[in-house]
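Participant: I would like the atomic coordinates for the input below:
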Amino acid sequence: MEIKIYTMEHCPYCRQLKRMLDILKIDYIDVNIDADDVKKEYADAKKVVNSDLIPLIKIGDNYLVPEKDFKSVPECANIIFKKLGNR
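Facilitator: Alright, predicted model coming up:
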């Protein structure tokens, strides 16, 4: 299952989540929302979730939204871990 994480380079929460997923050996695609070639993709995702908070996570066709689906980075990593069901 494909995991995309919409991030910004200087976001400490984004860096923390990526570190945790690396430790858990969970593959993901890091989508830097500052890059010109993904601005439309991120704008579309923001419309779907009605939020511009990051890190925004897309697992398959579903999103995990900060402050809605998780309150902390460890909670987010745990949700991703459980959704994958292979750990």
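Participant: tell me which helix or strand residue 5 sits in.
Facilitator: Taking DSSP states H and E as the criterion, residue 5 maps to strand 3-7.
Participant: can you list contacts of that strand?
Facilitator: With contacts defined as Cβ atoms under 8 Å, 6 or more residues apart in numbering, strand 3-7 is touched by 14, 17-18, 21, 26-33, 42, 45, 54-59, 80. Every C-beta, even on glycine, is put in place using the N, C-alpha and C of the backbone.
Participant: now do 7 Å
Facilitator: By Cβ atoms under 7 Å, 6 or more residues apart in numbering, the residues outside strand 3-7 that reach it are 14, 17-18, 26-33, 42, 45, 54-59, 80.
Participant: could you point out which element follows that strand?
Facilitator: Remark: after strand 3-7, the chain's next helix or strand is helix 12-23, criterion DSSP H and E.
Participant: packing partners for the helix or strand following that next one?
Facilitator: Next along the chain after helix 12-23, taking DSSP H and E as the criterion, comes strand 29-32. Helices and strands touching strand 29-32, by 3 or more Cβ pairs under 7 Å, 6 or more residues apart in numbering; DSSP states H and E, are strand 3-7.
Participant: strand partners (parallel or antiparallel) of the strand it packs on?
Facilitator: Paired strands of strand 3-7, with direction, are strand 29-32 (parallel), strand 56-59 (antiparallel) (DSSP bridges).
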